[in-house]
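S.K.: Sharing a model that was predicted from the sequence below.
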Amino acid sequence: MKILTAAQTRALDQATITEQGLTSAQLMERAAQALLFWFYGQYGYGRVPADTLLLCGPGNNGGDGLALARLLHEANYSVRVALLPASRYSPDWQHNRQRLPAAVPVAEISAGALPAISADTVVVDALFGTGLSRPLAGLAAAVVAHLNQAQARVLAVDIPSGLFAEASQPADSAVVRARHTVSFGLPKLAFLLPQNAEFVGEWQVEDIELSPGFIARTTTPWHYTDAATMAGQLPPRPRFSHKGTFGHALLLAGSRGKMGAAVLAAGACLRGGVGLLTAHIPACGYDIFQNSQPEAMCLSDAQPDHISELPNLKPYQAVAIGPGLGQHAASSSVLRQLLEAASQPREKTGPPLPLVLDADALNLLGQHRELLSLLPENAVLTPHPKEFERLTEPARDDYHRLELLRDFAQQHRCLVVLKGAYTCLATPGGELHFNSTGNPGMATGGSGDVLTGLLLALRADARLLPFEAVRLAVYAHGLAGDLAAHETGEAGLVAGDIVRHLGPALSRCSQRAQNTK
Ligand SMILES: NC(=O)C1=CN([C@@H]2O[C@H](COP(=O)(O)OP(=O)(O)OC[C@H]3O[C@@H](n4cnc5c(N)ncnc54)[C@H](OP(=O)(O)O)[C@@H]3O)[C@@H](O)[C@H]2O)[C@@H](O)CC1
Ligand SMILES: Nc1ncnc2c1ncn2[C@@H]1O[C@H](COP(=O)(O)OP(=O)(O)O)[C@@H](O)[C@H]1O
Ligand SMILES: [K+]
């Protein structure tokens, strides 16, 4: 699914109207119907809130609010409307103002007459949407401050008022703190960034049948990976396949006290469908590893506590390094040797050896940035924001971090998985793909090691292109976390639960089972 800018969204609305032969008021009615269904979903029939206040601005966002007020009134909700005065109102605003039944109380907001809002009021924030052209000030800012201070349940229409769809607003500017946001057609970039979580609350996108043709021809660097995107992405295992078909993977992981990271990554790699897995681990971990992962082969390093040797890479179709590695100088030298070997073409024309770099491998890269030039094309790096900062520089805000991420992936021609609630995959071509799966239960030690193991398995599978493998791994990892959380709850989820659910998660992305999340 694409993510468009506010300007592109306005053009999309216009294209929909033209192509479908609608009036803009008819499209607005679809938006209002979607909002009405949100109310039905929340409150059911007959359980309506005692007091619903619609705060309406002068543009089409306010028009949505006015249309919704009419629909709620017709559905026997007790509604009142407060209008933000302006010198100009949009034509669809005027249309819906006229259609509002006289029985609905309407007040004009002024500095001395802010609408009464109690903690029990359900407030619909229809002040400003994608037409926000500058930070809120004056009366608009005063209304927002008044609303936020009331701590009522707020539903934002399309986007919380005062929030820009794809840029930061100045610090301390007024933005509605919504508990829910219902948007139309496509998600907005702002919804996916941690800095906006306090404003956006829980968000959802409702289908109002916006022009699929316009969306298809509109270019954007931003994408949202949802169930529909991922249906059928994992090719079926051919009837006459054998373990060689799916690749032999090498995992370099573990150090004294951190063997669990190697065990989890190996478990995920095996559940990810790899043909063969060999783990190279420090000698202290040999028994631990063999006992817990009997399906994997194991190479023991000469050093007891850390990895100091790089095995011969010839047998392997992909290599991952990092989980539980530690930052010993000898392990750093192994990383350097690995990058030097991988940066040499394996065959004259073939692609370079697929690499996955995680955790301490990334920290070592950050300490020795000269190694970045050795990264083979399509190497996969999986930093969380702190690790990413060590590779680049501190970001001013989440939008700046996305710029740094995009530049880094383009400059080093690699695939960077910036981990978080909406993990963002940056490609060498400058695209950013935000992941939709996963939950806060996954914020627990070892979750990232599981992702590395799954990435290793899918990069070893020569049937998948590099980008396809990585996007699938990120999506299936989050989905496995969601399936696990159904069983354990979020608090009770541990990384091993994600491993156990990788199989079902991958099945949902397979070419035979095209069911959704
Ligand atoms: N197009 C369609 O058919 C559909 C559109 N839909 C809905 O329309 C929304 C977009 O509507 P929109 O483009 O009219 O913009 P909107 O957000 O209401 O604000 C514009 C007004 O606010 C004003 N203004 C801006 N910033 C301001 C500020 N800081 N302080 C004060 N004033 C400020 C601005 O004035 P100006 O910038 O010209 O001074 C203008 O008057 C969209 O989010 C969705 O909800 C859906 O119904 C689906 C169909
Ligand atoms: N709130 C969240 N929502 C969705 N996914 C999350 C959330 N918190 C963490 N995750 C996922 O869990 C994993 C955590 O990785 P990482 O930070 O490397 O943990 P560790 O190093 O402990 O294994 C990442 O894939 C991340 O996307
Ligand atoms: K709004």
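M.R.: On my side now, so go ahead. Ligands and ions are numbered 1, 2, ... in the order given.
S.K.: mind listing what the residue nearest in space to the middle of the chain touches?
M.R.: Of all residues in the chain, the one closest to the mean position by CA atoms, centre = their mean is Y422, 2.3 Å from it. Listed by CB atoms under 8 Å, 6 or more residues apart in numbering, the contact set of Y422 reads L192, L193, F434, N435, S436. Placement of C-beta: from N, CA and C, glycine included.
S.K.: ok, of those, which one's closest to ligand 2?
M.R.: N435 (7.4 Å; CB to the nearest ligand atom).
S.K.: Residue of the stretch 401-517 of the chain closest to ligand 3, please.
M.R.: Closest residue of the stretch 401-517 of the chain to ligand 3, CB to the ion: Y422 (21.0 Å).
S.K.: Just the element for L335, please.
M.R.: helix 329-343 (DSSP states H and E).
S.K.: Distance check, V176 against V144.
M.R.: 5 Å (CB to CB, to the nearest Å).
S.K.: List the residues that are in contact with both of these two.
M.R.: With CB under 8 Å, 6+ apart as the test, V176 and V144 both reach L127, S161, G162.
S.K.: ok, so of these, who is nearest ligand 3?
M.R.: Distances from ligand 3 to those, taken by CB to the ion, are shortest for S161, at 4.2 Å.
S.K.: Where does that closest one sit, in terms of helix or strand?
M.R.: Applying DSSP H and E, one finds S161 in no helix or strand.
S.K.: Pass me the low-pLDDT residue ranges in the protein, would you?
M.R.: Low-confidence segments of the chain, defined by pLDDT under 70: 45-46, 348-349, 513-517.
S.K.: Write out the residues of it neighbouring ligand 2.
M.R.: Where the chain comes near ligand 2, counting by CB under 6 Å from any ligand atom, the residues are 359, 384, 419-421, 423, 438-440, 442-443, 445-449, 451, 477-478.
S.K.: List only buried entries from the residues you listed.
M.R.: Neighbour-count burial (16 or more other CB atoms under 10 Å) is assigned, among these, to 359, 384, 419-421, 423, 438, 442, 446-449, 451, 477-478.
S.K.: Include neighbour count when you put the shared contacts of V176 and V144 into JSON lines, please.
M.R.: Below are these laid out as JSON lines (neighbours: other CB atoms under 10 Å):
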{"residue": "L127", "neighbour count": "28"}
{"residue": "S161", "neighbour count": "29"}
{"residue": "G162", "neighbour count": "24"}
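S.K.: From P235, how far off is P385?
M.R.: 33 Å.
S.K.: So if I had to pick from those two, which one is more boxed in?
M.R.: P385 (15 against 12; other CB atoms under 10 Å).
S.K.: Could I get the contacting residues of that one?
M.R.: Neighbours of P385 in contact, by CB under 8 Å, 6+ apart: A395, R401, L418, K419, G420.
S.K.: out of those, which one sits closest to ligand 2?
M.R.: Each of those was checked against ligand 2 using CB to the nearest ligand atom; the closest is K419, at 3.8 Å.
S.K.: List the residues that contact the residue nearest to the closest one when sequence neighbours are not counted.
M.R.: Of all residues not flanking K419 in the chain, H384 sits nearest, at 4.6 Å (CB to CB, 6 or more residues apart in numbering). Counting by CB under 8 Å, 6+ apart, H384 touches L418, K419, G420, G448.
S.K.: is it true that the second one touches T382?
M.R.: By that I understand K419. Yes: between K419 and T382 there is a contact under CB atoms under 8 Å: 6.3 Å.
S.K.: Please identify every residue contacting each of the two.
M.R.: Shared contacts of K419 and T382 (CB under 8 Å, 6+ apart): G448, L451.
S.K.: In contact with the residue of the stretch 401-517 of the chain found nearest ligand 2, which residues?
M.R.: Of all residues in the stretch 401-517 of the chain, the one sitting closest to ligand 2 is G448 (2.2 Å; CB to the nearest ligand atom). For G448, the contacting residues are P323, D358, A359, T382, H384, K419, by CB under 8 Å, 6+ apart.
S.K.: immediately after the longest helix seen in the chain, which helix or strand?
M.R.: Criterion DSSP state H: the longest helix present in the chain is helix 466-488. Tracing the chain past helix 466-488, the next element assigned as helix or strand by DSSP H and E is helix 495-500.
S.K.: could you point out which element follows that following helix?
M.R.: Past helix 495-500, the next helix or strand by DSSP H and E is helix 502-508.
S.K.: Give me the buried positions along that next one.
M.R.: Buried positions in helix 502-508, judged by neighbour count with 16+ other CB under 10 Å: L502, A505, L506, R508.
S.K.: From the chain's centroid, how far away is it?
M.R.: 19 Å (CA atoms, centre = their mean, to the nearest Å).
S.K.: So which other helices or strands are in contact with it?
M.R.: helix 259-271, helix 466-488 (3 or more CB pairs under 8 Å, 6 or more residues apart in numbering; DSSP states H and E).
S.K.: Nearest to ligand 1, out of these?
M.R.: helix 466-488 (28.6 Å).
S.K.: Only C-alpha atoms, please: export the closest one in PDB.
M.R.: The C-alpha coordinates for helix 466-488 follow below in PDB (Å, rounded to 0.1, in the frame of the first residue of the first chain):
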ATOM      1  CA  PRO A 466      16.900  -9.600  -1.800                       C
ATOM      2  CA  PHE A 467      14.200  -7.000  -1.200                       C
ATOM      3  CA  GLU A 468      11.400  -9.600  -1.300                       C
ATOM      4  CA  ALA A 469      13.200 -11.800   1.200                       C
ATOM      5  CA  VAL A 470      13.800  -9.000   3.600                       C
ATOM      6  CA  ARG A 471      10.300  -7.500   3.400                       C
ATOM      7  CA  LEU A 472       8.800 -11.000   3.900                       C
ATOM      8  CA  ALA A 473      11.100 -11.700   6.900                       C
ATOM      9  CA  VAL A 474      10.100  -8.400   8.600                       C
ATOM     10  CA  TYR A 475       6.400  -8.900   8.000                       C
ATOM     11  CA  ALA A 476       6.400 -12.600   9.000                       C
ATOM     12  CA  HIS A 477       8.400 -11.900  12.200                       C
ATOM     13  CA  GLY A 478       5.900  -9.300  13.300                       C
ATOM     14  CA  LEU A 479       3.000 -11.500  12.400                       C
ATOM     15  CA  ALA A 480       4.500 -14.400  14.400                       C
ATOM     16  CA  GLY A 481       4.700 -12.000  17.300                       C
ATOM     17  CA  ASP A 482       1.000 -11.100  16.800                       C
ATOM     18  CA  LEU A 483       0.000 -14.800  16.700                       C
ATOM     19  CA  ALA A 484       2.100 -15.500  19.800                       C
ATOM     20  CA  ALA A 485       0.600 -12.600  21.700                       C
ATOM     21  CA  HIS A 486      -2.900 -14.100  21.100                       C
ATOM     22  CA  GLU A 487      -1.700 -17.100  23.100                       C
ATOM     23  CA  THR A 488       0.500 -15.500  25.800                       C
END
